[in-house]
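Q: turn this into a structure:
(2 chains)
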Amino acid sequence: MTVNLSKGQGISLQKADGGTLTAVRMGLGWQAAPRRGLFGSRTKEIDLDASAVLFAGGQPVDVVFFRHLVSDDGSVRHTGDNLVGGAGTGGDDEAILVDLQRVPVHVDTIVFTVNSFTGQTFAEVKNAFCRLVDETTGQELARYTLDGGGAYTAQIMAKVHRAGAGWQMTAIGTPSNGRTFQDLMPAILPSL
Amino acid sequence: MTAELVRGQNHSLSETRLEIRVSADAVVVAGATLGDADGRVAGAGGVVHPAAHRLPGLEVPRRAAADPRISVDLAALPEAVHRVQVLLALPEGAGGPDRFGATAAPSVVVTGPGGTAAVGYTITGLDTESAVVALELYRRQGAWKVRAVGQGYAGGLAALLRDQGLEGAAAMAAEIHAAVAAATTADPAAAPAARPSPSAVPGPISYRHPGRTPAPAPAPAAPAETPDASDVSGASAVPSAEPDGLVRPVAGDATGWTMDERLYNQVWGMFEDLARSVAAYRSAADFAESRLERELDEVLSDPLTRVGPASDAARDAARARHAELVERARVVLDRDLGRLAAESEVVEHALPPAFARWDSPVWHGYQIPLESPFALRLGDLHLPERTDLRIPLLVRLPLERGLWIDSGRPPGRGAEPVDSGELRRRAVETAVLHAARLLAAHPVGEFTVRIVDPAGAAGDALAPLLDSGALREPPAAGARGVSEVLDRLTRRVDLVQMAVRNDALDSLPPDVDTAQQLLVVNDFPHGFDDRAVTQLRYLADEGPAVGVHLLMVADRADARGYGPVLDPLWKALLRITPVADDHLADPWVGHAWTYEPARVPPGSDVLREVLRRVGSARRAYGI
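A: You can find the predicted model right below:
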């Protein structure tokens, strides 16, 4: 059962049977730019990038993005940069895997962001979504649709944060502008 | 196709009529116990041994032999039998060895009716044990599976039987030994122990025509190297879970085409996991530290709270928060380290000679390999968080870069205090160990070691290599010897490069040694002129691609006279130290790891013994 999240909505990452999640995947997918008929090689490809920032007590301690694919502690892994997008039909084009058991004890929040590296605004990108999947079962937990976005190039998607002994996910959905996650830091901090 | 099991691994059996073939270097007694669903053995009637050698579905030989065979018909076993444990013991009073550590590791092969080997297992790691549970056949959801057990008993057969829950175990053990002794004296022909041809390949070789094997062969001809991976994938992908929900570690639990490759990948996986788990701990501890400082600063900066009970309470609270976070991080670290230590324990026992420590039993049962090794162990790595958790430092073979054993004073903090003469001696010893390991890990004639020792400075440290006859020629001495060896190797590199480029390896002159070459240079740069130095740099750059490798024993300070000319040479070599030193960084996080060079345990003769076998094999081949 998938929850279509709206801005600010939170879900607890407790499993239905009471167990907590151990591994989640944050997937990002979008539809590639339509081919130009003539001079097809000059199609303006859309390159969206997913990043994850690990926070401890409001301080960023590590970041996972296309140039640093694995957090030093090994808990967060990026599957690799996708420069052009895919069919936009539900498959993830970029994914970030989080092994919740291995997240260091001082890290209390992981924020996921999406940037348009090539500069197209989300108004130009079709069928973009981000979703959270229970990696152990492949079940989709939550989905957030980016379509029909406005004239901005980045979005702070969601955060996974500690709640009691387990973890909780909260959709954020704050639009922002920036090429990589560094540009987003000022926008991320208020939503922690 | 045989799946070679490691200790603890299981494999499903497709046949019901099986033969279990044992091969050992000494005569052994074979037996089996039949257990019910709870593993209990129903008294003396549940044990098959030479004195009572037949039960429904099970038959063992009546006397001790070097290659006993046990026939099993799983379908004929009583319904109540849920597990069959196959045991081996050394006969008492037969004049043979009294512990398995004194013989080569025994191996067992489970074969189907056509003589096709299904599963093989070499029982390594035995020492003072004189009885061992080799395999276990067990029912799992109606089907039979086999598991490699390898549990040895220093107390012999009596201890083994007692552990099976049998009353009167000692009496039964005595009865078995008496029966074996009687059978042996009755038929002296059975006594000869020596196996006709010791072979590195476990299991018998079938000379049958493959087309004539009976129909239910498990799988038709598969590519030579793939079956291992596919066979065991079922076992390693779904390892048996323990009651606490954790998965029991299994050696070879990684991807790869061969067992060696899987072990290599597993070791590197453990290396990465250890690096990252420690990174998580250090990051948490640093965070706790900086938060504590910040909170203490806050208390101090506020004039209202700087003194008085409120400030003390705030300071205590901050310290408690710090301690609590570090404690939690430590618990998580200990959990991870405990898992890795358990895995390391399992993996260490399964490592082949090229990956194993010098004190591993596989070196005692060393036989000349038939295939080139996948990787080489250069030593051990550990972190200060847990110094007894050692990760083998494995490098792929053929070596992509040469090795430099630094005989100079290491600048690292973790270095042992050793004087410089001792350091140089140990550096040569380390070089000898690496050269010996490379020689022993390669098949006969595929690896040649040449030593250049212009001033004879190595002294008797080279003796193990020289005395054994493992080397083809003595070390080159003097400036002339240096230039002769370098000329020859340079010519070899040039010719092989040309031949590779023109795809004409057949046209190499017959005097070119196509075996891989290891050039051990001691005491560089003594005895080297400018030309020789240039040649050496050429070999370091061009050699690895065509099988010429460099092992330098040198103190960089000695070569200061050459100035920065030699910097690229040092950078091209992998620096290792003859004493423990923390100069190696991992590729993921960049921790400083303490490198511990491989050492032969004191008083052990394993190095000379291994080299003696290499030398005699070389002479036998006439190379």
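Q: can you tell me the centre-most residue of the chain?
A: Looking at chain A here, since you left the chain open. For chain A, the residue nearest the mean C-alpha position is A:Phe112 (4.2 Å; C-alpha atoms, centre = their mean).
Q: chain B was what I was after
A: Central residue of chain B (C-alpha atoms, centre = their mean): B:Leu351, at 2.2 Å.
Q: give the contact list for the residue nearest to the centre of chain A.
A: A:Met26, A:Ala50, A:Ser51, A:Ala52, A:Ile96, A:Cys130, A:Ile156, A:Met157, A:Ala158, A:Lys159, A:Val160 (C-beta atoms under 8 Å, 6 or more residues apart in numbering or on different chains). (Glycine included, C-beta is placed from N, CA and C.)
Q: what is the nearest of these to A:Thr170?
A: A:Lys159 (5.4 Å; C-beta to C-beta).
Q: any idea how far the closest one lies from A:Thr118?
A: 26 Å (C-beta to C-beta, to the nearest Å).
Q: so for these two, which residue has more residues nearby?
A: Using other C-beta atoms under 10 Å in any protein chain shown, the more surrounded residue of A:Lys159 and A:Thr118 is A:Lys159, with 23 against 17.
Q: look at the more buried one and report its pLDDT.
A: We have a pLDDT of 87 for A:Lys159.
Q: who's it bridged to?
A: Beta bridges link A:Lys159 to A:Val111, A:Thr170, judged by DSSP bridges.
Q: go ahead and confirm it touches A:Val107.
A: No - judged on C-beta atoms under 8 Å, A:Lys159 makes no contact with A:Val107 at a distance of 11.7 Å.
Q: how long is stretch B:517-536 from one end to the other?
A: 14 Å (C-alpha to C-alpha, to the nearest Å).
Q: and if you look at stretch A:40-52?
A: In stretch A:40-52, first residue to last residue: 33 Å (C-alpha to C-alpha).
Q: before we move on, what about stretch B:22-37?
A: 26 Å.
Q: pLDDT below threshold where in the chain?
A: All of this refers to chain A. Within chain A, the ranges that satisfy pLDDT under 70 run A:1-19, A:88, A:90, A:147-149.
Q: sorry, should have said chain B
A: B:1-2, B:94, B:114-115, B:117, B:184-246, B:305, B:410-417.
Q: could you list the domains of it?
A: B:3-237, B:259-350, B:375-621 (automatic domain parsing).
Q: closest one to chain A among the ones you listed?
A: Taking C-beta to the nearest C-beta, domain B:259-350 is the member of the domains of chain B nearest to chain A, at 3.2 Å.
Q: excluding its backbone neighbours, what's nearest the residue nearest to the centre of chain A?
A: Computed as C-beta to C-beta, 6 or more residues apart in numbering or on different chains, the closest residue to A:Phe112 that is not its neighbour in sequence is A:Met157, at 4.6 Å.
Q: buried residues in the host helix or strand of that neighbour?
A: In the assignment (DSSP states H and E), A:Met157 maps to strand A:154-163. Of the residues in strand A:154-163, A:Ala154, A:Gln155, A:Ile156, A:Met157, A:Ala158, A:Lys159, A:Val160, A:His161 count as buried by neighbour count, 16 or more other C-beta atoms under 10 Å in any protein chain shown.
Q: and what of stretch B:257-270?
A: B:Thr258, B:Met259, B:Asp260, B:Glu261, B:Arg262, B:Leu263, B:Tyr264, B:Asn265, B:Gln266, B:Val267, B:Trp268, B:Met270.
Q: sorry, back to before: can you put the domains of chain B in a markdown table and add distance to B:Asp359?
A: Formatted as a markdown table, the domains of chain B follow (distance: least, C-beta to C-beta, whole Å):
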| stretch | distance to B:Asp359 |
| --- | --- |
| domain B:3-237 | 10 |
| domain B:259-350 | 10 |
| domain B:375-621 | 5 |
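Q: out of those domains, which is closest to A:Asp62?
A: Judging the domains of chain B by C-beta to C-beta, what sits closest to A:Asp62 is domain B:259-350, at 7.4 Å.
Q: quick one: is the closest one near chain A?
A: Yes - using C-beta under 8 Å from any C-beta of the partner chain, domain B:259-350 reaches chain A at B:272-273, B:276-277, B:279-281, B:283-284, B:287-288, B:291, B:325, B:328-329, B:332, B:336.
Q: list buried residues within the residues you listed.
A: B:272-273, B:276-277, B:279-281, B:283-284, B:287-288, B:291, B:325, B:329, B:332, B:336.
Q: anything in whichever strand or helix holds A:Arg25 near chain B?
A: Here A:Arg25, judged by DSSP H and E, is contained in strand A:23-31. No - Strand A:23-31 lies out of reach of chain B by C-beta under 8 Å from any C-beta, never closer than 14.5 Å.
Q: which strands and helices lie in contact with that strand?
A: When contacts are defined as 3 or more C-beta pairs under 8 Å, 6 or more residues apart in numbering or on different chains; DSSP states H and E, strand A:23-31 packs onto strand A:48-56, strand A:94-99, strand A:126-134, strand A:154-163.
Q: most neighbours per residue, which of those strands?
A: Sort those by mean neighbour count, taking mean count of other C-beta atoms under 10 Å in any protein chain shown, and strand A:48-56 sits at the top with a mean of 25.
Q: which parts of the helix or strand just after that one are buried?
A: Next helix or strand after strand A:48-56 toward the C-terminus (DSSP H and E): strand A:59-64. Neighbour counts over strand A:59-64 (16+ other C-beta under 10 Å) mark A:Pro60, A:Val61, A:Asp62, A:Val63, A:Val64 as buried.
Q: likewise for stretch B:561-570?
A: B:Leu566, B:Leu569.
Q: list the contacts of that stretch.
A: In contact with stretch B:561-570 (C-beta under 8 Å, 6+ apart) are residues B:Trp404, B:Pro525, B:Val533, B:Leu536, B:Arg537, B:Ala540, B:Arg556, B:Ala559.
Q: nearest to B:Asp297 among those residues?
A: B:Arg556 (45.1 Å).
Q: which residue packs closest to the closest one, ignoring adjacent ones?
A: What sits nearest to B:Arg556 in space, not counting adjacent residues and going by C-beta to C-beta, 6+ apart, is B:Gly408, at 5.6 Å.
Q: count of neighbours near the one you found?
A: 16.
Q: near chain A, which residues of the stretch 151-300 of chain B?
A: B:Glu272, B:Asp273, B:Arg276, B:Ser277, B:Ala279, B:Ala280, B:Tyr281, B:Ser283, B:Ala284, B:Phe287, B:Ala288, B:Arg291.
Q: let's go with 7 Å and repeat that
A: Residues of the stretch 151-300 of chain B found near chain A (C-beta under 7 Å from any C-beta of the partner chain) are B:Asp273, B:Arg276, B:Ala279, B:Ala280, B:Ser283, B:Ala284, B:Phe287, B:Ala288, B:Arg291.
Q: where do the strands of the stretch 351-500 of chain B begin and end?
A: Here the stretch 351-500 of chain B has its strands, by DSSP state E, counting those that start in this stretch, at B:375-383, B:386-396, B:403-406, B:447-452.
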